[in-house]
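# Sequence isn't available, so here's the structure alone:
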């Protein structure tokens, strides 16, 4: 009888030890998980000047053409955001490429991940389509492929082809800061954010120059200069996500 | 005298001489029941094939409400399977051996519940062909990763815990005596399995709540209470389903033998668990009524006065908690089997309502991110016919599995001498 009691205690002790081990393992993992693997000399960011944006949605279309985004999805939405004075104001919304991306934190297979240069990426070959990232993203930046996108993409002009592979049915997709243009540009020795070939498609297509892209680690880059000279804000900063998309608010004097 | 062939497994068994009425062969209620379940499952399976063929576009899910009916069924079946780990822990860790036959039923119910959850998930993920990614590619930072790992491991535990049940079945011992022997031998590690089951279940039953609770983007979900409430409600509802199913089986078939005194004791315990759950639930909800918090306040009013208010007040609180508490904590009422069964059915319904409401409330209201107007926007979702049909098919599968378990595995049988005692002694002796 006493043997049995000791045995039972032994089990409970083992259980307690097991739980403690599991919890400490998790805490240790949590402490390291948000650290992005590797290092990068770059810190990519986008600056969007709302006083210049006229809501033409060229950025949305250019994005569709370069990234083969289906007509039912917009990686880069342009949202009406009220008026300043008598001028309509818009809020173009790409993926915010957060420093602490909720989508990366919750993705169970690691299909969402963050590169050292700050680009939040999607591994479409890993994604199982659970849509936890969609629920977790405060910016609605993610879209799910509810059905297969087949046939020609109406946004792609006859004289060009998209730069990335089309996503299959059943995975989530989102803006990638045109990582393919950035990476190729760097490989070719181009200046990202200056040379159009090395700059995200939406920035290149914007007819009013409302969007700028560049390296925050380079104090001479246009984005660094703009942020140094103008007041800026980011979306839902209260959430602590640390977006890498900065907005220069529209002012009445500029708008008028 | 002629041999009646019944259900394959009984082939060749001489049954008592059939009377003249046996030759009429009118389907028995049992056969009707099986036929009905098979029909619902067939329809569900066809609907499931449509889902696989055409993709999730056949659902009414959207990018704003990406988790719907299937997730609610999945969450509910896991909560309702919680009887397995609780009763196994009671029997093998706390030494309450008299509950061993109930633990047996609970284990089988758990195995069914978790397989239902997995069926739902396979339907629900966009790439069912990649279900194995969850086990191969790890992001330990994700709550859902932990849930997936726990569920997979716990399903293995449940399968091992069910092995002796299969091994003890008459037809198994007659046909494959050696295999049956091996299966019953698994019983030696029952205490170890109970420890594993307790640990894994405590982890994932709570983190299913945390799956919602960690999302800052959805203020009504973003609170630590959800993990506590999820495990508390599962601890009440899991054993409720096991007892309810056993009592129903005992009433409907001669193959189930129950000791009502065990159920009465457990029902009493469930009453107290519900009190604890309601206590946490009250403070959790009440504290949210103070100060306006964007998104959260709107979510709470969806529950208390909006689209989900009937579910909340009637399904979750009144019928799901208050009425069962009154019944289960009043000895006079609790002792009447029919009244007790009704109370347990209400607890089961209450937890399903709670899982549905929780899943919906965070998605029906969302916050905009425009700088000047962080305001709540409302979305809506009604499951599509295909979602209903597949969901019904999965529930029918669960009912069929339980029915067949009662019929061929004697999973509701309190006559058997507790196998536990012997096994525990052996295992402990080996451990010392």
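Nice, I can see it. Remember, it's a predicted structure, so these values are computed and weren't measured experimentally.
# which parts of the stretch 201-350 of chain B sit against chain A?
Remark: the part of the stretch 201-350 of chain B in contact with chain A comprises B:202-203, B:211, B:214-218, using C-beta under 8 Å from any C-beta of the partner chain. C-beta here means a position set from N, CA and C on the backbone, and glycine is covered the same way.
# pLDDT below threshold where in the chain?
Looking at chain A here, since you left the chain open. Within chain A, the ranges that satisfy pLDDT under 70 run A:1-8, A:26-37, A:253-256.
# um, chain B though
Residues of chain B that meet the cut-off, pLDDT under 70, sit at B:1-24, B:416-432.
# Pick out the residue in it sitting closest to chain A.
Nearest residue of chain B to chain A, counting by C-beta to the nearest C-beta: residue B:126, 2.1 Å away.
# still on that earlier bit, which pair in the residues of the stretch 201-350 of chain B next to chain A has the greatest spatial separation?
B:202 and B:217 (27.0 Å; C-beta to C-beta).
# Pick out whichever of the two has more residues nearby.
With neighbours defined as other C-beta atoms under 10 Å in any protein chain shown, residue B:202 and residue B:217 compare such that residue B:217 has more, 23 against 19.
# neighbours around the closest residue to that one other than its chain neighbours, how many?
With sequence-adjacent residues excluded and distances taken as C-beta to C-beta, 6 or more residues apart in numbering or on different chains, residue B:217 is closest to residue A:138, at 3.7 Å. Counted with other C-beta under 10 Å, the neighbours of residue A:138 add up to 24.
# tell me the SS of residue A:138?
Put simply, residue A:138 is coil when judged by DSSP: H, G, I helix; E, B strand; the rest coil.
# Over to it: give its phi and psi.
Phi and psi for residue A:138, reported as degrees, to the nearest 10, are phi -80, psi -10.
# again with residue A:87
phi -100, psi 140.
# Would you agree it is in contact with residue A:251?
No. Counting by C-beta atoms under 8 Å, residue A:87 stays clear of residue A:251, with 10.3 Å between them.
# Mind telling me what element residue B:122 is part of?
Assigned by DSSP states H and E, residue B:122 falls within helix B:100-124.
# Now that helix: buried residues?
B:100-121, B:123-124 (16 or more other C-beta atoms under 10 Å in any protein chain shown).
# Now find how far off-centre that helix is within its chain.
The chain centre lies 6 Å from the centre of helix B:100-124; the measure is C-alpha atoms, centre = their mean, to the nearest Å.
# now do stretch A:125-141
How far stretch A:125-141 lies from its chain's middle: 12 Å, per C-alpha atoms, centre = their mean.
# Name the residues of it that are buried.
Within stretch A:125-141, the residues that qualify as buried are A:126-141, counting by 16+ other C-beta under 10 Å.
# Check what contacts stretch A:61-75 and list those residues.
Residues outside stretch A:61-75 that contact it (C-beta atoms under 8 Å, 6 or more residues apart in numbering or on different chains) are A:60, A:76, A:94-95, A:141, A:143, A:145-146, A:149, A:153-157, A:160, A:162-166, A:173-176, A:178, A:181, A:201-202, A:204-205.
# Restricted to buried residues, select those in PyMOL.
Buried residues within those, by 16+ other C-beta under 10 Å, are selected in PyMOL with:
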select buried, chain A and resi 60+76+94+95+141+143+145+146+149+153+155+156+162+166+173+174+175+176+178+181+201+202+204+205
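# tell me, which of the contacts of stretch A:61-75 make contact with chain B?
Restricting the contacts of stretch A:61-75 to those touching chain B (C-beta under 8 Å from any C-beta) yields A:143, A:145-146.
# between these, which is closest to chain B?
residue A:146 (4.4 Å).
# Now do the SS call for residue 243.
Defaulting to chain A. Classified using three-state DSSP, residue A:243 is coil.
# I was after chain B.
Put simply, residue B:243 is helix when judged by three-state DSSP.
# Let me see the contact set for the closest residue to it other than its chain neighbours.
Sequence neighbours aside, residue B:263 is the residue nearest to residue B:243 in space, at 4.9 Å (criterion: C-beta to C-beta, 6+ apart). When contacts are counted by C-beta under 8 Å, 6+ apart, residue B:263 is found next to B:102, B:243, B:246-247, B:340.
# in the helix or strand residue B:263 falls within, what's buried?
Assigned by DSSP H and E, residue B:263 belongs to helix B:260-287. For helix B:260-287, burial by neighbour count (16+ other C-beta under 10 Å) applies to B:260, B:262-264, B:266-267, B:270-271, B:273-274, B:277-278, B:281, B:285.
# Would you enumerate the residues in contact with residue B:349?
Going by C-beta under 8 Å, 6+ apart, the list of residues near residue B:349 reads B:315, B:319-320.
# give me that answer again for 10 Å
Neighbouring residues of residue B:349 by C-beta atoms under 10 Å, 6 or more residues apart in numbering or on different chains: B:76, B:237, B:240, B:315-316, B:319-320, B:324.
# any idea how far it is from residue A:179?
49 Å (C-beta to C-beta, to the nearest Å).
# same question, residue B:368
To residue A:179, residue B:368 is 28 Å away according to C-beta to C-beta.
# Of those two, which one has the most company?
Higher neighbour count among residue B:368 and residue A:179: residue B:368, with 21 against 18, using other C-beta under 10 Å.
# so that one makes contact with residue B:379?
No. Between residue B:368 and residue B:379 there is no contact under C-beta atoms under 10 Å: 12.0 Å.
# Which helix or which strand is home to residue A:80?
strand A:77-84.
# Quickly check: that strand near chain B or not.
Yes. Contact of strand A:77-84 with chain B (C-beta under 10 Å from any C-beta of the partner chain) involves A:79-82.
# Buried ones in that strand, by neighbour count?
Across strand A:77-84, burial judged by 16+ other C-beta under 10 Å covers A:77-78, A:81, A:84.
# try stretch B:148-156
Quick answer for stretch B:148-156 (16+ other C-beta under 10 Å): B:148-151, B:153-155.
# Keep only those of these that are in strands.
Counting by DSSP state E, no part of those is found in strands.
# Tabulate those (a markdown table), appending distance to residue B:386.
Below are these laid out as a markdown table (distance: C-beta to C-beta, whole Å):
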| residue | distance to residue B:386 |
| --- | --- |
| B:148 | 25 |
| B:149 | 30 |
| B:150 | 30 |
| B:151 | 25 |
| B:153 | 32 |
| B:154 | 29 |
| B:155 | 26 |
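# In chain A, which residue sits nearest chain B?
Taking C-beta to the nearest C-beta as the measure, chain A has residue A:129 as its residue closest to chain B, at 2.1 Å.
# Now do the same for that residue: helix, strand or coil?
Criterion first, three-state DSSP; result for residue A:129: coil.
# what number of residues lie near the residue lying closest to it once chain neighbours are set aside?
Distance criterion C-beta to C-beta, 6+ apart; nearest residue to residue A:129, sequence neighbours excluded, is residue B:126 at 2.1 Å. The number of residues packed near residue B:126 is 21, by other C-beta under 10 Å.
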